[in-house]
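>>> Whatever this is, show me its structure:
(one chain, ligands or ions: 1)
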Amino acid sequence: MTIQWFPGHMTRAKRQIQDKLKLIDVVFELIDARLPQSSRNPMIDEIVGPKPRLVLLNKADLADPEANAKWLGWFRSFGLEALAIDANSGSGVKEIPGRTKALLSDKIERQIAKGMKPRAPRVLIVGIPNVGKSTLINKLAGRSAAITGDRPGVTKGQQWIRAGGDLELLDTPGILWPKFEDLEVGFKLAATGAIKEQVLPIEEVACHTLRWLAAEYGGALSERYGLSDIPPSLPDVAAAAAVLEEIGRKRGCLAGGGHIDYEKAAGVLLRDLRSGKLGRITLESPIV
Ligand SMILES: Nc1nc2c(ncn2[C@@H]2O[C@H](COP(=O)(O)OP(=O)(O)OP(=O)(O)O)[C@@H](O)[C@H]2O)c(=O)[nH]1
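So this is what the prediction gives:
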């Protein structure tokens, strides 16, 4: 589902999350490991405020392992606890309850000092559409998933999900808008499937993607499509279109009259990127 974000929607989304923050102990900020910058909400610090937060780089299985390590270091340098996970397979997910408790250790110690039995931390998962929020909820809940019923103060219809004995999750995650501030960000979000490709012309999305890929992963491109060496810098969209044409030719994406069907070629490239067939790829590096 692609949401059309207008200022009114953004204000409402922000307000809904801030209402839920009153009920929880910790926020899991889910971002796409392939686009840790562009898949973040630009107002996230303001929205979450001082509430403890765990940043989860999801889809880490599709992202470049070296880049994952760099990004984790980058988040930690800003004092944010961060983990790389794959909510689909569950890799890294087991570490989440322990990290959550570590984040809340002061609060837990205070409860113990008062003779209280520390309760399971209450969690809200937030992130942009399609980043894997529902997949993570299901994975965390696993077979021990149990809806614990309405509690006072919880929005009508909203429930807590018990994840093992360790966490309680609000069943409806907070949906945030991504960073739309420039067209390049839009192209990256479309390339990874975070926004529907119909929003932007697919050939343009593919050409922009080829420019990023050539810079960092030219070898993977040449290998996958049997292309001769691609220069690391494709100076403009026309140069990228020439590479797309070559991919189309190699893959038999033909329109009438022996012409290349660019739309088809773009579809091949983007499907390969999203499914990991081009290898593990991250489309942006931390700015240091
Ligand atoms: N490869 C990979 N795919 C993932 C991972 N997590 C989620 N996905 C896939 O990403 C897609 C979106 O996942 P969802 O859990 O529906 O995402 P969501 O954030 O709940 O989406 P909305 O309901 O649109 O807000 C699904 O096809 C998942 O299978 C992951 O860690 N790795």
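
>>> okay, CA-based contacts and neighbour counts for the rest of this
OK.

>>> what are the ranges of the helices in the stretch 101-250 of the chain?
Applying DSSP state H, counting those that start in this stretch to the stretch 101-250 of the chain gives helices spanning 105-113, 133-141, 183-192, 202-225, 237-250.

>>> Could you give the number of residues near the residue lying closest to residue 225 once chain neighbours are set aside?
Of all residues not flanking residue 225 in the chain, residue 247 sits nearest, at 6.1 Å (C-alpha to C-alpha, 6 or more residues apart in numbering). Neighbouring residues of residue 247 were enumerated by other C-alpha atoms under 10 Å; the total is 24.

>>> low-confidence ranges in the stretch 51-200 of the chain?
Within the stretch 51-200 of the chain, the ranges that satisfy pLDDT under 70 run 143-157, 197-198.

>>> if we go to 80?
143-158, 164-165, 180-181, 196-199 (pLDDT under 80).

>>> ok, residue 80 - contacts?
53, 54, 55 (C-alpha atoms under 8 Å, 6 or more residues apart in numbering).

>>> And the closest residue to the first one other than its chain neighbours, how far from residue 249?
Using C-alpha to C-alpha, 6+ apart and skipping the chain neighbours, the partner closest in space to residue 53 is residue 27 (4.7 Å). Residue 27 sits 48 Å away from residue 249, taking C-alpha to C-alpha, to the nearest Å as the criterion.

>>> Of the two, give the one with the bigger neighbour count.
Using other C-alpha under 10 Å, the more surrounded residue of residue 27 and residue 249 is residue 27, with 21 against 18.

>>> Around the ligand, pick out the residues from the chain.
Contacts of the chain with the ligand, taken as C-alpha under 6 Å from any ligand atom, map to 1, 58-59, 61-62, 86-88, 129-135, 175.

>>> Go through those residues and give me the one with the most neighbours.
Within the residues of the chain next to the ligand, neighbour counts (other C-alpha under 10 Å) peak at residue 58, which reaches 28 neighbours.

>>> Can you tell me how far it is from residue 86?
For residue 58, the distance to residue 86 - C-alpha to C-alpha - is 5 Å.

>>> so how far is residue 182 from residue 27?
From residue 27 to residue 182 the distance is 27 Å (C-alpha to C-alpha).

>>> swap that for residue 176, sorry
Distance from residue 176 to residue 182, counting by C-alpha to C-alpha: 17 Å.

>>> Can you name every helix or strand that whichever strand or helix holds residue 273 contacts?
Taking DSSP states H and E as the definition, one finds residue 273 inside helix 262-275. Counting contacts by 3 or more C-alpha pairs under 8 Å, 6 or more residues apart in numbering; DSSP states H and E, helix 262-275 is packed against helix 183-192, helix 202-225, helix 237-250.
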